[in-house]
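Undergrad: sequence unknown, structure follows:
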């Protein structure tokens, strides 16, 4: 860039011959497919759970062993794929359960217990709502292959409800009624009108929406440029007003990336917007059937064990032992274990901490006393395998790298530069209350902007109604029939509350909810979960991300924070990485059978390809 403090404005360049040819080719392709095709997407991408026949395999043992370090989202998926292809797999997990951020547990200390259920174990708690966008084709392919189903988020005619503290509100996401590729035009016009309503002015939405659609992930030049600036910097270059940046894109960043929009790179915001713009299905949101630990993580655990896999719980990884070219073993166990010293362990996050008495809640993640137990493990142990897959979040991976003597290599040094971000998930129980239904009769959630504490906010006790008024589907079945609202908000700007007590955080959230629903009663109960291991998508991070294959021949890294060169984000990216590492290991051992087909995320829509070519701002 000519001025290192100011990104180059490259949006005034004229269309050159190369781009003209690209536009012509894309337009011709769309013409060949015909205007009557809805979205013009291949058949495989149109189903709710794409089916890839070649991914259905169950192969004989191949004699090679894999040790997966971490039993979260990526570790679970990689274990399933590798076991299906004949590998001997062992997972080492620091907590007492699989699932990572999909863990859930029962808490008898929250809410009002039922009086008619003698077997009641407590209401379910988890890390918060987990959205699964329609463009998560690879995750959905995995789920369909294993028979796992998602729950449709309650919605009427629209999916996205943006609400600012100043009272401005806009909804979008209506099911299109125009035929074929015109459906995309209809969705674009709806978004334009919603943006204008949210900002209270006509900001020339179509002009900069075209710039958004012009992003082409396949171009490494575009990706490098967009990685070098924040989204607000990029947005101002294309004429997006600040009011819109913080009212519309701000809540999106906090919901999807748990980070303030000023920190978010233009690359990740545009990637997310690009993936959601392929078709109406792409922007639809489903959620894991509640509680996700019981409906998703536990079935995967049973599958892994049934296939002969092993899971070692309560075993945090300390370091890998290596000779510079090859990992020899892994040392794992609780370093804090000292005979005779009173230490405690959290079943949920796996943290250990000293305390003379059993604490009321985990001081790290906020899990209740029922999930805390005395630390009883012995000294660390050594584990051996042919291959090692690090399926941890960035804090965990950084600890292993730092303790393993791997620093001094650019690959590992860059990992140490990747930070984590956090989110506080606050749930408030309101008894004898239907304030939500009166305020949001057509929505189960809203995207908040302008508030200090409210982020993406939803009502867990909401139900989806059929046309005849009968209940058809619940978000949390345990909450139904009690005339309650159980409202969750996710605080992404955790620095505003990190030094406050749970009681004070709950009070501050309730006070802001009163700005939205003045008739809310005093909350009956509350809880706060504190998570600080999410992967941020900040400026310059793409250049730091490690390849799945490390410089050490038998060491691999997977997760939503690694480099895949595949247009995907969040849980979808983690699933893509688990399939990619499976193919890499098959290549390592020379096994041709079982190679995985990895789908494009989102519908490869030809209409959108034409728009990208026509509006490409990067000649």
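TA: Right, received. Where do you want to start? Quantities reported herein were computed from a predicted structural model and do not represent experimental measurements. Numbering: from 1, shown residues only.

Undergrad: can you give me the buried ones in the lengthiest helix in the chain?
TA: Ranked by residue count, the top helix of the chain under DSSP state H comes out as helix 570-589. For helix 570-589, burial by neighbour count (16 or more other C-beta atoms under 10 Å) applies to 570-586. Yep, even glycine has a C-beta here, placed from its N, CA and C like the rest.

Undergrad: equivalent analysis for stretch 512-528, please.
TA: Neighbour-count burial for stretch 512-528 [16+ other C-beta under 10 Å]: 512, 513, 516, 517, 520, 523, 524, 525, 526, 527, 528.

Undergrad: same question, stretch 239-257
TA: For stretch 239-257, by 16+ other C-beta under 10 Å, it's 240-241, 243-257.

Undergrad: so which of those residues sit within helices?
TA: Going by DSSP H, the helices hold 243, 244, 250, 251, 252, 253, 254, 255, 256, 257 from the buried residues of stretch 239-257.

Undergrad: quick one on the thing from earlier: and the buried residues of stretch 512-528, which of them are in strands?
TA: Under the assignment DSSP state E, the buried residues of stretch 512-528 contribute 525, 526, 527, 528 to strands.

Undergrad: with pLDDT and distance to residue 478 added, can I get those in TSV?
TA: What follows is these, written out as TSV (pLDDT from 0 to 100; distance: C-beta to C-beta, whole Å):
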residue	pLDDT	distance to residue 478
525	96	14
526	96	17
527	95	15
528	96	20
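
Undergrad: widest-spaced pair of those?
TA: 525 and 528 (11.6 Å; C-beta to C-beta).

Undergrad: for residue 230, give the beta-bridge partners.
TA: residue 265 (DSSP bridges).

Undergrad: who's in contact with the nearest residue to residue 554 once chain neighbours are set aside?
TA: Once flanking residues are discounted, residue 554 sits nearest to residue 387: 4.8 Å by C-beta to C-beta, 6 or more residues apart in numbering. Neighbouring residues of residue 387 by C-beta atoms under 8 Å, 6 or more residues apart in numbering: 64, 65, 66, 67, 554, 555, 556, 585, 588.

Undergrad: list only buried entries from those.
TA: 64, 66, 67, 554, 555, 556, 585.

Undergrad: next, give phi and psi for the fourth one.
TA: The main-chain torsion angles of residue 554 are listed as degrees, to the nearest 10 and equal phi -110, psi 30.

Undergrad: that one and residue 128, how far apart?
TA: 36 Å (C-beta to C-beta, to the nearest Å).

Undergrad: and the helices in the stretch 251-400 of the chain, which stretches?
TA: 266-275, 280-283, 292, 298-306, 394-403 (DSSP state H, counting those that start in this stretch).

Undergrad: residue 325: neighbouring residues, count only.
TA: Applying other C-beta atoms under 10 Å, we find 9 residues neighbouring residue 325.

Undergrad: an error on my part: the question was meant for residue 96.
TA: 16.

Undergrad: just the pLDDT at the closest residue to it other than its chain neighbours, thanks.
TA: In space, and not counting its chain neighbours, residue 96 is closest to residue 347: 4.0 Å by C-beta to C-beta, 6+ apart. Looking at residue 347, its pLDDT stands at 93.

Undergrad: any idea how far residue 347 is from residue 371?
TA: 4 Å.

Undergrad: before we move on, what about residue 427?
TA: Counting by C-beta to C-beta, the gap from residue 427 to residue 371 is 16 Å.

Undergrad: residue 370 and residue 108 touch, don't they?
TA: Yes - assessed by C-beta atoms under 8 Å, residue 370 is found in contact with residue 108 at 6.8 Å.

Undergrad: any shared contact partners between the two?
TA: By C-beta under 8 Å, 6+ apart, the residues touching both residue 370 and residue 108 are residue 122.

Undergrad: among those two, which residue is more densely surrounded?
TA: residue 370 (15 against 12).

Undergrad: list the contacts of the more buried one.
TA: Counted by C-beta under 8 Å, 6+ apart, residue 370 has contacts 105, 106, 107, 108, 109, 122.

Undergrad: let's see if you can find the most crowded of those residues.
TA: Among these, the one with the most neighbours (other C-beta under 10 Å) is residue 105, at 21 neighbours.

Undergrad: which secondary element of this protein has the worst mean pLDDT?
TA: Every helix and strand in the chain was compared by mean pLDDT, DSSP states H and E; the lowest is helix 17-33, with a mean of 42.

Undergrad: sheet partners, orientation included, of the helix or strand that it is followed by?
TA: Toward the C-terminus, helix 17-33 is succeeded by strand 65-69 as the next helix or strand (DSSP states H and E). Using DSSP bridges, the strands paired with strand 65-69 are strand 88-92 (parallel), strand 387-390 (parallel).

Undergrad: okay if I get these as JSON lines plus distance to residue 159?
TA: Putting the strands paired with strand 65-69 into JSON lines (distance: least, C-beta to C-beta, whole Å) gives the following:
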{"stretch": "strand 88-92", "distance to residue 159": "36"}
{"stretch": "strand 387-390", "distance to residue 159": "36"}
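
Undergrad: nearest approach to residue 534 belongs to which of those?
TA: strand 387-390 (17.2 Å).

Undergrad: quick one: average confidence on that closest one?
TA: 98.

Undergrad: hey, which of the helices of the stretch 251-400 of the chain is tucked in deepest?
TA: Highest mean neighbour count among these (mean count of other C-beta atoms under 10 Å): helix 266-275, with a mean of 23.

Undergrad: show me the contact partners of that helix.
TA: With C-beta under 8 Å, 6+ apart, helix 266-275 has contacts from 133, 135, 212-213, 215, 217, 223, 226-227, 229-231, 233-235, 249, 252-253, 256-257, 261, 282, 537, 539, 542, 567-569, 601-602.

Undergrad: give me the nearest residue to residue 293, chain neighbours excluded.
TA: Closest to residue 293 by C-beta to C-beta, 6+ apart is residue 104, at 3.3 Å.

Undergrad: surely the one you found and residue 123 touch.
TA: No - the criterion here is C-beta under 8 Å, and residue 104 misses it with residue 123 at 10.5 Å.

Undergrad: looking at it, residue 239 is touching residue 209, isn't it?
TA: No - using C-beta under 8 Å, residue 239 makes no contact with residue 209, being 10.8 Å away.

Undergrad: any residues in contact with both of these two?
TA: Counting by C-beta under 8 Å, 6+ apart, nothing touches both residue 239 and residue 209.

Undergrad: any stretches of the protein with poor pLDDT?
TA: 1-42, 46, 154-158, 202-206, 337-341, 377, 464-473, 604-619 (pLDDT under 70).

Undergrad: looking at the ones in strands among the buried residues of stretch 512-528, which is nearest residue 116?
TA: Of all these, residue 116 sits closest to residue 525, with 19.4 Å by C-beta to C-beta.

Undergrad: in the sheet, who's paired with the closest residue to that closest one other than its chain neighbours?
TA: Closest residue in space to residue 525, ignoring its immediate chain neighbours: residue 429 at 4.2 Å, by C-beta to C-beta, 6+ apart. Beta-bridge pairing for residue 429 (DSSP bridges): residue 486, residue 525.

Undergrad: next, the contact list for residue 429, please.
TA: Residues near residue 429 by C-beta under 8 Å, 6+ apart: 110, 111, 112, 484, 485, 486, 523, 524, 525, 526.

Undergrad: tell me which two of the residues you listed sit farthest apart.
TA: 110 and 485, at 14.3 Å, using C-beta to C-beta across those.
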